[in-house]
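*Asks:* the sequence isn't on hand, but the structure is:
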């Protein structure tokens with residue numbers, strides 16, 4: 001690859017990382033954000049609409065998303081477009097769910113989703129299940145961001161599986177690790193602003209390049225193989241619908257997404273942001289169509305590396321300097337969510353494992369220090385994960401993680417009701433769903449779909465949805481059994497006093513919590 005491309009790519013990455021770090025350092029020097037866990041993980045809960053749109057969108061829409069979705073269209077056809085309705089559904093779910101969760105979190109000083117579960121149900125075991133599930137589901141997700149970076153490095157000729165490529169990957173991630181260790185969410189939030197600007201520009205530029213170099217959309221479609229490319233077989237309709245629904249539901253069970261939501265200034269900010277996320281969904285739709293453009297351009301890829309379709313297409317259509325900028329955008333698109341994901345897992349461990357079960361008398365400083373150290377461990381583990389395993393292994397484990405984290409959704413959603421199920425019923429449903437999902441994914445050879453039989457009708461359905469259905473059924477049955485046996489239940493709406501002095505220092509008033 002041309003040296004100009006490499007230099008410009010590195011310049012874009014350094015610029016984006018530097019902006020986030022410098023602005024975070026300036027805010028830290030002014031003492032505008034407290035240095036406890038809430039200050040580190042939630043940046044003081046001060047994010048307004050513009051920053052939330054950049055940060056939440058930059059967290060949800062990762063580099064892997066922008067390469068894997070068109071890669072799926074390139075290799076598998078119309079089924080790859082399930083990501084488009086999934087992102088639209090996620091906007092609607094976020095509009096309903098996130099403002100109410102944020103109201104509760106602000107009212108009671110919750111930092112993590114496990115805090116919410118611990119406080120709402122009064123069950124440390126249930127909160128531990130949420131925390132551990134979130135941590136194990138997030139680890140391979142961080143590794144996937146590294147795979148997205150590696151796809152760019154491969155096209156640049158900087159990664160060929162040898163020591164040099166591993167070193168480049170390690171250096172890029174080290175910059176991310178150091179900035180978030182010191183400044184927490186304050187570092188990626190301003191990098192996310194740069195990412196948002198770059199992704200918008202990148203979407204427009206690549207679309208224009210595709211039309212300019214490959215012809216009008218009908219001509220591109222004809223060169224890619226005709227309308228059959230966008231045709232979805234009726235046999236795949238259940239798979240398409242369940243993948244879209246299951247992915248949208250799982251998104252709001254991932255701890256890093258909820259952590260970002262908790263950093264909002266208030267519920268109204270989340271309502272506006274959820275609607276604005278349709279802009280990100282539109283950009284993803286354009287990238288999905290680039291999979292068709294890659295077919296039209298005659299892109300040829302090694303077997304099993306469909307995620308390279310967009311980077312290769314960019315390199316083929318753009319001049320060297322512009323290709324470097326576009327590749328830099330893809331790397332930045334990976335760094336922001338990787339930072340936030342590692343922080344989400346680290347905050348869960350420090351808050352809901354270390355303080356809850358290991359050191360209940362930990363001070364604010366000890367808790368924050370543990371979160372910082374854990375975030376480094378998560379990043380190092382993800383790096384080792386990405387370097388030591390084949391790409392497909394990381395993808396398989398992320399698939400399993402998405403099925404797992406979906407099983408925590410009933411605890412979150414039902415916790416917003418006035419009358420909640422008993423913790424034991426939820427725990428029984430969670431455990432059954434985890435086992436069922438794991439077995440189904442493994443028996444299917446690590447595929448996202450499972451064959452379901454309804455009499456004479458057979459359909460392929462997303463494994464996570466099937467496991468979630470089992471989860472809900474067992475929860476309902478256990479709840480009915482416990483009610484029939486007249487087993488006493490904890491009062492609805494138990495609020496666990498998580499470090500009351502810290503809550504008071506944050507000035508959180510126990511006003512309307514958003515629970516109805």
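*Replies:* Happy to help now that I have it. Every value quoted in this text rests on a predicted model; they were computed, and no experiment measured them.
*Asks:* so where's the stretch 351-500 of the chain shaky on pLDDT?
*Replies:* 385-394, 444, 488-500 (pLDDT under 70).
*Asks:* I meant to write the stretch 1-150 of the chain there.
*Replies:* Ranges of the stretch 1-150 of the chain meeting pLDDT under 70: 1-2, 20-21, 24-25, 27-34.
*Asks:* where do the helices of the stretch 251-400 of the chain begin and end?
*Replies:* 255-262, 267-276, 278-296, 309-317, 320-349, 364-388, 391-406 (DSSP state H, counting those that start in this stretch).
*Asks:* including distance to residue 37 and mean neighbour count, could those helices go into TSV?
*Replies:* In this view, the C-beta of every residue, glycine as well, is placed from N, C-alpha and C. Below are these laid out as TSV (distance: least, CB to CB, whole Å; neighbours: other CB atoms under 10 Å):
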stretch	distance to residue 37	mean neighbour count
helix 255-262	11	27
helix 267-276	21	20
helix 278-296	28	22
helix 309-317	38	23
helix 320-349	7	27
helix 364-388	5	19
helix 391-406	22	21
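*Asks:* I'd like those helices as CSV, with distance to residue 186 appended.
*Replies:* Listed next are those as CSV, based on distance: least, CB to CB, whole Å:
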stretch, distance to residue 186
helix 255-262, 13
helix 267-276, 17
helix 278-296, 22
helix 309-317, 30
helix 320-349, 11
helix 364-388, 13
helix 391-406, 26
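*Asks:* who wins for proximity to residue 479 among those?
*Replies:* Residue 479 lies closest to helix 391-406 among the helices of the stretch 251-400 of the chain, at 19.5 Å (CB to CB).
*Asks:* tell me which other helices or strands that closest one touches.
*Replies:* Contact partners of helix 391-406 among helices and strands, from 3 or more CB pairs under 8 Å, 6 or more residues apart in numbering; DSSP states H and E: helix 124-156, helix 237-251, helix 423-443, helix 463-484.
*Asks:* kindly reformat the ones you listed as CSV containing distance to residue 301 and mean neighbour count.
*Replies:* Output for the helices and strands packed on helix 391-406, formatted as CSV (distance: least, CB to CB, whole Å; neighbours: other CB under 10 Å):
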stretch, distance to residue 301, mean neighbour count
helix 124-156, 10, 24
helix 237-251, 23, 21
helix 423-443, 26, 20
helix 463-484, 27, 19
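*Asks:* right, and the ones you listed - which one's nearest residue 291?
*Replies:* The nearest among these, by CB to CB, is helix 124-156 at 14.0 Å.
*Asks:* on that earlier part again, looking at the helices and strands packed on helix 391-406, which is nearest to residue 307?
*Replies:* helix 124-156 (5.1 Å).
*Asks:* centre of the chain to that closest one, how far?
*Replies:* Remark: helix 124-156 is offset 8 Å from the chain centroid, using CA atoms, centre = their mean, to the nearest Å.
*Asks:* before we move on, what about stretch 410-422?
*Replies:* For stretch 410-422 - counting by CA atoms, centre = their mean - the centre lies 23 Å from the chain centre.
*Asks:* give the buried residues for that stretch.
*Replies:* 410, 411, 412, 413, 414, 415, 416, 420, 421, 422 (16 or more other CB atoms under 10 Å).
*Asks:* what's near enough to touch the fourth one?
*Replies:* So that's residue 413. residue 97 (CB atoms under 8 Å, 6 or more residues apart in numbering).
*Asks:* quick check: phi and psi at it.
*Replies:* Residue 413 has phi and psi values of phi -70, psi -50 when expressed as degrees, to the nearest 10.
*Asks:* for the buried residues of stretch 410-422, give me a markdown table that also has secondary structure and distance to residue 243.
*Replies:* A markdown table is the format used below for the buried residues of stretch 410-422 (DSSP: H, G, I helix; E, B strand; the rest coil; distance: CB to CB, whole Å):
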| residue | secondary structure | distance to residue 243 |
| --- | --- | --- |
| 410 | helix | 20 |
| 411 | helix | 23 |
| 412 | helix | 21 |
| 413 | helix | 20 |
| 414 | helix | 24 |
| 415 | coil | 26 |
| 416 | coil | 26 |
| 420 | coil | 30 |
| 421 | coil | 28 |
| 422 | coil | 32 |
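*Asks:* looking at those, spot the one nearest residue 259.
*Replies:* Looking across the buried residues of stretch 410-422 and measuring by CB to CB, the closest to residue 259 is residue 412, at 13.1 Å.
*Asks:* with residue 44 as the reference, name the closest of the helices of the stretch 251-400 of the chain.
*Replies:* Closest among those, using CB to CB: helix 255-262, at 11.2 Å.
*Asks:* rounded mean pLDDT for that closest one, please.
*Replies:* In this model, helix 255-262 has a mean pLDDT of 94.
*Asks:* distance from the chain centre to it, please.
*Replies:* Taking mean C-alpha positions (CA atoms, centre = their mean), helix 255-262 and its chain are 9 Å apart.
*Asks:* what residues does it touch?
*Replies:* 41-42, 45, 52, 55-56, 59-60, 94, 98, 101-102, 105-106, 110-114, 134-135, 138, 185, 251-252, 270, 337, 340-341, 343-345, 347-348.
*Asks:* same thing but 7 Å
*Replies:* The contact list for helix 255-262 (CB atoms under 7 Å, 6 or more residues apart in numbering) reads 41-42, 45, 55-56, 59-60, 98, 101-102, 105, 111-113, 134, 138, 251-252, 270, 340-341, 343-345, 347-348.
*Asks:* could you do stretch 306-326 as well?
*Replies:* Contacts of stretch 306-326 (CB under 7 Å, 6+ apart): 2, 4-5, 7-9, 12, 66-68, 70-72, 74-75, 151-152, 154-155, 202, 205-206, 209-210, 213, 287, 290-291, 293-294, 297, 299, 301, 327, 330.
*Asks:* fine by me, thanks again.
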